[in-house]
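J.: Compute the structure for the input listed below.
(2 chains)
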Protein chains: 2
Amino acid sequence: MSVDIRFVPVDEFARVRQPGLAPVRLIPVLADMCRINALSAVKLAGSGHLGSSFSAMDVVAWLYYHEMNVRDVGWNAAERDVYFSSKGHDVPGLYAVLHSLGVISDDRLLRLRRLGGLDGHPDVGVPGIEANSGSLGMGISKGRGIAWAKRFRRVGGHVFVMTGDGELQEGQNYEALQSTVQQGITGLTVIVDHNKVQSDKLVGEIVSLGDIEAKFLASGWHVTRCDGHDHARLEALWAELRTIEDRPRVVIADTIKGRGVSFMEHGRALAEGGGYYRWHAGAPSDDAFVAAHHELAGRVNAALAELGHEPLELADVRRDSTGEPFFAKNALGEPVSTGSQPATAAMTREYVVEAYGAALIDIAARRPDVVVLDADLAADCRTRRFELEVPDRFIQNGIAEQDMVSMAGGLARHGLLPIVNSFASFLASRANEQIYNNATERTRIVYVCHYAGLIPAGPGKSHQSLRDVALFANLPDFTIIQPVNATETAQALSYCVDEAPGSSMLRLVIGPSPRQIDSPAGYQLSRGRGWVVREGSDAVVMSYGPVMLHEALLASEILAGQGISLSVVNQPWLNAFDIDWLRSATDGHQAIFVLEDHGVTGALGDHLLSALIQNGLLGGRHFKVFGVDGLPACGTPAEALAAHGLDGTSLARRITSTLEPRPA
Amino acid sequence: MSVDIRFVPVDEFARVRQPGLAPVRLIPVLADMCRINALSAVKLAGSGHLGSSFSAMDVVAWLYYHEMNVRDVGWNAAERDVYFSSKGHDVPGLYAVLHSLGVISDDRLLRLRRLGGLDGHPDVGVPGIEANSGSLGMGISKGRGIAWAKRFRRVGGHVFVMTGDGELQEGQNYEALQSTVQQGITGLTVIVDHNKVQSDKLVGEIVSLGDIEAKFLASGWHVTRCDGHDHARLEALWAELRTIEDRPRVVIADTIKGRGVSFMEHGRALAEGGGYYRWHAGAPSDDAFVAAHHELAGRVNAALAELGHEPLELADVRRDSTGEPFFAKNALGEPVSTGSQPATAAMTREYVVEAYGAALIDIAARRPDVVVLDADLAADCRTRRFELEVPDRFIQNGIAEQDMVSMAGGLARHGLLPIVNSFASFLASRANEQIYNNATERTRIVYVCHYAGLIPAGPGKSHQSLRDVALFANLPDFTIIQPVNATETAQALSYCVDEAPGSSMLRLVIGPSPRQIDSPAGYQLSRGRGWVVREGSDAVVMSYGPVMLHEALLASEILAGQGISLSVVNQPWLNAFDIDWLRSATDGHQAIFVLEDHGVTGALGDHLLSALIQNGLLGGRHFKVFGVDGLPACGTPAEALAAHGLDGTSLARRITSTLEPRPA
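T.: Down below sits the predicted model:
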């Protein structure tokens, strides 16, 4: 990183927060100081969500600095007021506020998306964080649970839940609106951060919410609307709301995505981006970072001067022992982002999701029955090209995975072949019953589960998908494939569309490949058959996808130095095996290992073991599955892999310890 | 069955449907004739949903007899109008209409909830059925998919989707309202069968919908409201709606649950039932059946006389070769119901769900932190007693499983221990991501998955849960237990509440036990340890729950006659094993079988095989899993078990064929 990253240390907040100063003068300054820290943390992390951290910041600042009782009663007191964000990706802003109040240390603030630092989405393991979120639409329900518990326990305290506006496309919100009123919950205030932009487009262009106020009113809520950056109005608003005690309350806060940095504010940013908003996710470039930092610090310093304060004293980021700042990288040493930042040419060559996007276009040309469905992740899932080039067969569904999947069921019943896209964690899980319902109709649908597996590990548990293969279990005639490279990705998609006996689940990693793993010359995907990536004679490890096959190859290289010859096999078919091939692939090996980019249950390992036993192929050999045990770690790829013992070095050690003779 | 069951054969409909007769005079008569057939079919089946079959009947009759083009263009024509019910449990009424039009034969009409007959919830395998439903809230999404496909393919045809009113508690509906307008879908009409009653209570007492009209209007729909039994109004309504071509349309049809049979109509029925509606599900008693049949036939005959027709000529039900009518029974030979009919004393003694309901009360007394959550299945899940006796700790959430689970997450974070109840098929699947989200917060929650497994098989695929154990895979520290009898159920619930290291999934069958399987004297549930139900020396079969252990015992009895000694072991711990116990339980057996009340993947078999292999306990022995392969069959228990080869006789045969030496 070629720029200096400086931040506002906690002492500076203490200096600025003088007693007696009117909140309406002080809080805007504190909010901008927090914006500086969110900006610096995201820049250091290499990823994170600035746009909505900034749009929500003024409201969050008012809650913590003025409205909530947590500073007085303590952060673990039963009677504390509770705030959390349901959308969760605005957490860099929240961390900055918690840091400013001394809850999060200077050091930890700067360890965003690092192991032992601050999770990429909210996690209750971090001080001050009240709820895990990041998958959308759960917050009002969860906040109601907290409010119910407070009422039942008679401990006092109000619950504040922030939602996005795009997030209101999730149906669970409407379940919660109804039940909150029926249950007589009054200690709950929902704030809609109505910044008009979701991911990279206007909400109204994705799926309009219609009349938001009418929807809340129809369920019996008290509705207030305000400018979410008007500090005088915010002060008055909280005072007014305290008098509404007979029903739950919603504040629809009209805000500006990217508020506080002129070129990130959505009006200008959309105009400059040709209708696309580029500051939703991902770290800014060096130039953008410097400009944003300069603008924010300048405004803070001007305000401080007006208040009679000295200018900000910013602190340098402390480097680790190697002199590097904490900086989230992938296994290529490149920044990891879950946003829509374009990958570099070098990164894209073997990038499975890029190959997927291109293959969709090829398939569209020869299969007029193919339609592509998206739940507002067109950039990340690389369906944007299809959206632009084949618009009449692209269906935008908004953030509503259940609705998308059931719609696909209807399309499939009436002559079309839907290809349904979302992140694996959302598609396999949120829409699980809808996928089953479609399966009971025996139609053919391709479910593409993007962002599967442990890496990138920066966004944290809500986004890492280590359960999805198991969630597709016991569906009739379902094929589950995870390809390792661009060639295999294109072939796998063709297989799902043209050949699979029923529906398919295509599982894709979202990040760039840590190394290029070429298929054999003339390779043609064949059901149930994997292929040998590296020959070995002592033991075999089967895996899939570029992340874990890279680690398996690393392990194989390490073991070679110890005189152990480990065969590495790519098996893209996670629940189908050609038995002749399986026999030959395992023949002569004293041990069979499986390396999962998944939890240890219900994926390749279980399916493979069952096939080996049913076909009498295991004999007395070792069989062991290495997978992601427990909840996935948040951090850089190297950190997360090591935390689960799945990096090449750990694997090599685990393999040798298995191969050693057992003590009698 | 001691009453004669007579029905209206298809010829009678042809006789009554005279050309030239005004629809407003004819259709009410046809509707009542269909009510007779729905009543007779449900009585024969021993279960089924009459209340909403009757409330929806007049609207459905107008659609099929007057509005839709299917009689003209054919039932498989691309340009056909499409109707389906999203709630799906009103399907006996729909079958009756389809039968009256010659789509379903007389014989098949009377094979409701029988293998090869008519599924208990809609299934596209039945002629005229357009969509699989029964799990609530998917219909508007799916109907939109069909409408989109029709528009894209330019084939014409309108789509009509019926929803319940209680069903509108499901959030997916609101996702669909938004996206339907955004996608410019106009060929879709939703009809809300607004009969005011869900399951056995008023919608307004469970979770009020608030202002329904306002909700549809706020999303941009055209809204009409009408009396859903006023035939003159219905005729005019469809004519009016044909002129609304610029947006999707909803008809809120105010109806009466149980319409057409005086004592089933919800006003009187609620008054007579002390606020509970008893005709939602389940077959009527003989007396009630006779009275209802008499009332309907009397009204039809009076109307026929006015129209100058002879009275109805009803037909007798044809008996099968044994002289028995087709009659859904459980393995005890007793009627199977998914409704809230009280079980007989004899049935309840070893009834796990009854024991569960009682155990909840005991636990409430000693654990003041326990709260019980329900999603409108209080009668079926036996939480009603808790609701009445411990009302301050009972939380009614309506039909909104995702909202319920996330609320539980909030409760658990703030000092309470939630016990969350629904049917396994809905809880494990619909709320899967919310369960995961809660798990990432490391709180303790007990999820009780009722109605798990293959039996009762009458309601069909939407209700049979054969995937739920796999859906709980890879959640950290989750204990999964399925008890076999009342004693074990109480102990299992206590374990989940008091001892389990993290959250738990308690898996329960809903029906009466086919045989009483007593635990050993002084039995105390101990983590990971099962117990021997029947000693044997040649091979061992492990299973769980009363349904499959009964079949295993039957197999063991059959095999004993063939000189094969099969040990039957109850292993209630589906994902945890005490290895010492496992060694002793399998020691000396030449083969280990697992009998799943679940699909073949991701349940006891996979977990057990993994434990055997990891601990070197399998050796060269046979290991085989018998489970529900493919989609679960609909039918009587005996039919469904046999269809999957899981009845005792089939199992005995499959076991002997495994034990025979393999051909070289």
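
J.: Pick out the residue nearest the middle of chain A.
T.: With distances taken as Cα atoms, centre = their mean, residue A:463 lies nearest the centre of chain A, 3.3 Å away.

J.: surely it meets residue A:423?
T.: Yes. The pair residue A:463 and residue A:423 qualifies as a contact (Cβ atoms under 8 Å) at a distance of 6.4 Å. Where you see a C-beta, it was placed from the backbone N, CA and C, and this is true even at glycine.

J.: Spell out which residues are contacts of both of these two.
T.: Residues touching both residue A:463 and residue A:423 (Cβ atoms under 8 Å, 6 or more residues apart in numbering or on different chains) are residue A:451.

J.: Which single residue of the stretch 101-250 of chain A ends up nearest chain B?
T.: residue A:145 (2.3 Å; Cβ to the nearest Cβ).

J.: residue boundaries of the strands in the stretch 401-550 of chain A?
T.: Ranges of strands in the stretch 401-550 of chain A, per DSSP state E, counting those that start in this stretch, are A:417-423, A:446-450, A:479-481, A:504-507, A:531-534, A:539-543.

J.: quick one: which of those is nearest chain B?
T.: That would be strand A:417-423 among these, by Cβ to the nearest Cβ, at 7.9 Å.

J.: report the angle between the axes of the closest one and strand A:446-450?
T.: 20 degrees (axes from the mean of the first three to the mean of the last three Cα atoms, to 10 degrees).

J.: Pull out the buried positions in strand A:417-423.
T.: Within strand A:417-423, the residues that count as buried by 16 or more other Cβ atoms under 10 Å in any protein chain shown are A:417-423.

J.: just those residues that are near chain B?
T.: Residues of the buried residues of strand A:417-423 in contact with chain B (Cβ under 8 Å from any Cβ of the partner chain): residue A:418.

J.: Now distance to residue B:481 too, for the buried residues of strand A:417-423, in TSV please.
T.: Below are these laid out as TSV (distance: Cβ to Cβ, whole Å):
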residue	distance to residue B:481
A:417	41
A:418	38
A:419	39
A:420	34
A:421	37
A:422	33
A:423	32
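
J.: shaky segments in chain A?
T.: Within chain A, the stretches with pLDDT under 70 are A:1-2, A:318-350, A:661-664.

J.: Write out the residues of the stretch 51-200 of chain A neighbouring chain B.
T.: Within the stretch 51-200 of chain A, the residues that sit near chain B (Cβ under 8 Å from any Cβ) are A:78, A:123-124, A:130-133, A:135, A:137-139, A:141-150, A:152-153, A:169-179, A:181-183.

J.: Could you count how many residues lie near the nearest residue to residue A:145 once chain neighbours are set aside?
T.: Excluding its sequence neighbours, the residue lying closest to residue A:145 (Cβ to Cβ, 6 or more residues apart in numbering or on different chains) is residue B:410, at 2.3 Å. Neighbours of residue B:410 under the rule other Cβ atoms under 10 Å in any protein chain shown: 32.

J.: same deal with residue A:105?
T.: As a burial measure, residue A:105 scores 13 neighbours (other Cβ under 10 Å).

J.: My read is that it contacts residue A:99, right?
T.: Yes. Counting by Cβ under 8 Å, residue A:105 does reach residue A:99; the two are 7.5 Å apart.

J.: overlap in contacts of these two?
T.: Taking Cβ under 8 Å, 6+ apart as the criterion, residue A:105 and residue A:99 both touch residue A:10.

J.: and the stretch 551-664 of chain A, which residues reach chain B?
T.: Residues of the stretch 551-664 of chain A lying close to chain B by Cβ under 8 Å from any Cβ are A:575, A:598-602, A:605-607, A:609-610, A:613-614, A:616, A:618-620, A:623-625, A:630-631, A:662.

J.: Out of the residues you listed, which sit inside strands?
T.: The strands, defined by DSSP state E, take in A:623-625 from these.

J.: ok, so of those, who is nearest residue A:357?
T.: residue A:625 (32.0 Å; Cβ to Cβ).

J.: OK, contacts around that closest one?
T.: Residue A:625 touches A:593-594, A:596, A:600, A:605-606, A:609, B:610, counting by Cβ under 8 Å, 6+ apart.

J.: Residue A:395 falls within a helix, correct?
T.: No. Using DSSP: H, G, I helix; E, B strand; the rest coil, the secondary structure at residue A:395 is strand, not a helix.

J.: Next, the contact list for the residue nearest to residue A:68 when sequence neighbours are not counted, please.
T.: Nearest non-adjacent residue to residue A:68, counting by Cβ to Cβ, 6+ apart: residue A:81, 3.9 Å away. Each residue near residue A:81 by Cβ under 8 Å, 6+ apart is listed here: A:67-70, A:157-160.

J.: what's the burial count for the closest residue to residue A:291 other than its chain neighbours?
T.: Spatial nearest neighbour of residue A:291, excluding adjacent residues (Cβ to Cβ, 6+ apart): residue A:263 at 7.0 Å. Residues contacting residue A:263 under the criterion other Cβ under 10 Å number 15.

J.: Count the neighbours of the residue in the stretch 551-664 of chain A positioned nearest to chain B for me.
T.: Relative to chain B, the nearest point of the stretch 551-664 of chain A is residue A:599 (3.1 Å; Cβ to the nearest Cβ). By other Cβ under 10 Å, 25 other residues sit near residue A:599.

J.: Verify the stated contact: it with residue A:467.
T.: Yes. Contact criterion Cβ under 8 Å: residue A:599 and residue A:467 qualify, at 5.7 Å.

J.: what's the overlap in contacts for the two?
T.: Residues touching both residue A:599 and residue A:467 by Cβ under 8 Å, 6+ apart: B:473-474.

J.: In chain A, where's the longest helix?
T.: Criterion DSSP state H: the longest helix present in chain A is helix A:23-45.

J.: Can you mark which positions in that helix are buried?
T.: Buried residues in helix A:23-45, counted by 16+ other Cβ under 10 Å: A:23-24, A:26-45.
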